[in-house]
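*Asks:* Sequence first, then the predicted structure, then my questions.
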Amino acid sequence: MSRKYFGTDGVRGRVGDAPMTPDFALKLGWAAGKVLGKQPGARVLIGKDTRRSGYMFESALEAGFAAAGVEADLLGPLPTPGVAYLTRALRAQAGVVISASHNPHHDNGVKFFAADGTKLSDDVELEIEQMLEQPMQCVAPEQLGRARRIDDAQGRYIEFCKSSVPAAQTLTGLKIVIDCANGAAYKTAPAVLTELGAEVTVIGNQPDGLNINRDVGSTHLEQLKIAVRQHAADVGIALDGDADRCLMVDASGAEIDGDQILFIIARQRLQAGVLKGPVVGTLMSNLGLEVALKKLGLDFKRAQVGDRYVLEMLRASGGMLGGETSGHTICLDRCATGDGTITALQVLSTMVGDRKPLADLARGIVKFPQVLINVKINGRAKPLLDQPTVQTEVTAVERELGSRGRVLLRASGTEPLIRVMVEADDDQLTRRMAERIADKVRALAA
């Protein structure tokens, strides 16, 4: 059975358009409460980022949970991984995050965590969707859920983040610029770095409900690069709106993406003798990451695009490190989900421990040139991808590239596009091969 509302990261859409309406959020809270809060005294935690619409959805979800007889603890603005952590630490039955991650303010979403702080399984999401089809029925008045605010949620999460680096280690002497994307980590992330001893300059920490991710954060690194150079900082850190992503820039302002971050952490864990299982990336992870890890003698596996699929493969393979180029990095030896602040701390800890600047740590991976061409289509992507002319061209390109590169064709999960991606060790060769395949797709899509 396919899911109607849940995507790869909960329910998401434009505020005011289905499904992101207050009446749907009310019903969603009720349905989730019926599925996740079956035991007596069940309670859920509700956190959010800084979008203005978060107030509306918080109230609607709270009312829905109350109607299902489930208690709701309101955390206020808190990074998504902070909600995941507190769900487990406070022994709640579920955690809820109101956020659309790196999207602009006019989008919002609702995602859930199970009691252990991990994302819900497909089966549980399907069960919630099936409950959404049922008429909403309120429990008896004496059984209604209540709501309360958890005043120390941010402080608890700050201490958890600090515990992810060795107790005796500090960041004293490091000059850091951090961009909080005007999002959920605008208070917590700077506090973590400051309390660990770093000299911290903060940008993107003036949320007004409408400016989340606007020209700041992990999708807009320009201001961070400028600030790093202006303040002669050692490193810059960019989070996204809900702070589960982290990208970085070195002292010169050069970008350090998720593949490079994953390599740095994997090599450190290997050198410390604590790395377990394969390192997991996605179909979009740069071939340079795979080559660099193999030089270290490490196994590398590719999951479908999406941090939930990275996590699934880590669990299935016994791995502890995985991530996406976009900055979702999962360190299962530190937390149960991707956490931008904790990811940054692992890199900063390595800089301090190895006494090396970020640029030196990143030199161990050489990124292959990558060309991504988006081809607009009308209708379904699969028939086009299965066309013999397309498959023949892909086979021919793969044969020509040999071990020098790779090809990936995939349908976009959010837009009417087929994405043609080619990587190879030569920039001109990469672009020429990508255009060859894209031309075949365009001809069929015309």
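*Replies:* Received the coordinates, thanks. Given the structure is predicted, the values throughout are model-derived calculations rather than measurements. Residues are numbered from 1 along each chain as shown.

*Asks:* which parts of the helix or strand of the chain with the lowest mean pLDDT are buried?
*Replies:* When the helices and strands of the chain are compared on mean pLDDT, DSSP states H and E, helix 382-385 comes out lowest with a mean of 80. Neighbour-count burial for helix 382-385, counted by 16 or more other Cβ atoms under 10 Å, picks out L384, L385. Placement of C-beta: from N, CA and C, glycine included.

*Asks:* for whichever helix or strand comes after that helix, packing partners?
*Replies:* For helix 382-385, the following helix or strand on the C-terminal side (DSSP states H and E) is helix 388-401. Contacts defined by 3 or more Cβ pairs under 8 Å, 6 or more residues apart in numbering; DSSP states H and E place helix 388-401 against strand 405-411, strand 417-424, helix 427-445.

*Asks:* out of these, deepest packed?
*Replies:* Of all these, strand 417-424 has the most neighbours on average by mean count of other Cβ atoms under 10 Å, namely a mean of 23.

*Asks:* Just list what it packs against, helices and strands only.
*Replies:* Contacts defined by 3+ Cβ pairs under 8 Å, 6+ apart place strand 417-424 against strand 370-376, helix 388-401, strand 405-411, helix 427-445.

*Asks:* okay if I get the ones you listed as TSV plus distance to D240 and mean pLDDT?
*Replies:* Converted to TSV, the helices and strands packed on strand 417-424 look like this (distance: least, Cβ to Cβ, whole Å; pLDDT from 0 to 100):
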stretch	distance to D240	mean pLDDT
strand 370-376	20	92
helix 388-401	33	94
strand 405-411	22	91
helix 427-445	28	93
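
*Asks:* Turn these into a markdown table, columns for distance to G319.
*Replies:* Below are these laid out as a markdown table (distance: least, Cβ to Cβ, whole Å):
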| stretch | distance to G319 |
| --- | --- |
| strand 370-376 | 24 |
| helix 388-401 | 27 |
| strand 405-411 | 21 |
| helix 427-445 | 29 |
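
*Asks:* closest to G69 out of those?
*Replies:* With distances scored as Cβ to Cβ, the stretch of the helices and strands packed on strand 417-424 nearest to G69 is strand 405-411 (41.4 Å).

*Asks:* can you map out the helices along the stretch 251-400 of the chain?
*Replies:* Along the stretch 251-400 of the chain, the segments classed as helices by DSSP state H, counting those that start in this stretch run 258-272, 287-295, 307-317, 340-354, 358-362, 382-385, 388-401.

*Asks:* Return the member of those having the minimum mean pLDDT.
*Replies:* Mean pLDDT per stretch puts helix 382-385 lowest among the helices of the stretch 251-400 of the chain, at a mean of 80.

*Asks:* Pull the residues that contact that helix.
*Replies:* Applying Cβ atoms under 8 Å, 6 or more residues apart in numbering, the external contacts of helix 382-385 come out as I377, V390, L409, A411, I418, V441, L444, A445.

*Asks:* what's the farthest-apart pair in those residues?
*Replies:* Spatial extent of the contacts of helix 382-385 (Cβ to Cβ) is set by the pair A411 and L444 at 13.6 Å.

*Asks:* Enumerate residues external to stretch 429-442 that contact any of its residues.
*Replies:* With contacts defined as Cβ under 8 Å, 6+ apart, stretch 429-442 is touched by 368-373, 375, 377, 384, 389-390, 393-394, 397, 400-401, 404-405, 407, 409, 418, 420-424.

*Asks:* one step back: closest one of the contacts of helix 382-385 to T350?
*Replies:* Taking the contacts of helix 382-385 together and measuring to T350 by Cβ to Cβ, the closest member is L409, at 35.9 Å.

*Asks:* Isn't that closest one up against I418?
*Replies:* Yes: counting by Cβ atoms under 8 Å, L409 does reach I418; the two are 6.5 Å apart.

*Asks:* Tell me which residues touch the residue nearest in space to the middle of the chain, please.
*Replies:* Centroid-nearest residue in the chain: H328, 4.2 Å away (criterion: Cα atoms, centre = their mean). By Cβ under 8 Å, 6+ apart, the residues touching H328 are D244, R245, G258, D307, V310, G338.

*Asks:* With adjacent residues omitted, what lies nearest to G277?
*Replies:* G319 (3.4 Å; Cβ to Cβ, 6 or more residues apart in numbering).

*Asks:* Let's test this: mean pLDDT of the helix or strand containing T194, rounded?
*Replies:* T194 belongs to helix 188-195 when assigned by DSSP H and E. Here helix 188-195 scores 98 as its mean pLDDT.

*Asks:* Compare the helices of the stretch 251-400 of the chain and report which one is nearest to T194.
*Replies:* helix 340-354 (12.4 Å).

*Asks:* where does H102 land in three-state SS?
*Replies:* What DSSP: H, G, I helix; E, B strand; the rest coil gives for H102 is coil.

*Asks:* hang on, I meant K38
*Replies:* At K38 the chain is in coil, as set by three-state DSSP.

*Asks:* now swap in G173 and tell me
*Replies:* At G173 the chain is in coil, as set by three-state DSSP.

*Asks:* Next up, the contacts around it.
*Replies:* G173 neighbours (Cβ under 8 Å, 6+ apart): G197.

*Asks:* tell me the contacts of the nearest residue to A115 once chain neighbours are set aside?
*Replies:* Nearest residue to A115, sequence neighbours excluded (Cβ to Cβ, 6+ apart): Q93, at 5.5 Å. Q93 is in contact with L36, G37, Q39, A42, R43, V44, V70, A115, counting by Cβ under 8 Å, 6+ apart.

*Asks:* What is the neighbour count of T389?
*Replies:* Residues near T389, counting by other Cβ atoms under 10 Å, number 12.

*Asks:* ditto for P79
*Replies:* 32.

*Asks:* residues contacting the closest residue to it other than its chain neighbours?
*Replies:* Sequence neighbours aside, A243 is the residue nearest to P79 in space, at 3.5 Å (criterion: Cβ to Cβ, 6+ apart). The neighbourhood of A243, defined by Cβ under 8 Å, 6+ apart, consists of 79-82, 180-181, 183-185, 188-189, 339-341.

*Asks:* change it to 7 Å
*Replies:* For A243, the contact set (Cβ atoms under 7 Å, 6 or more residues apart in numbering) comprises P79, T80, G183, A184, A185, A189, G340, T341.

*Asks:* from the middle of its chain, how far away would stretch 77-84 be?
*Replies:* From the chain centre to the centre of stretch 77-84 is a distance of 12 Å (Cα atoms, centre = their mean, to the nearest Å).

*Asks:* scratch that, stretch 411-430
*Replies:* In terms of Cα atoms, centre = their mean, the centre of stretch 411-430 is found 21 Å from the chain centre.
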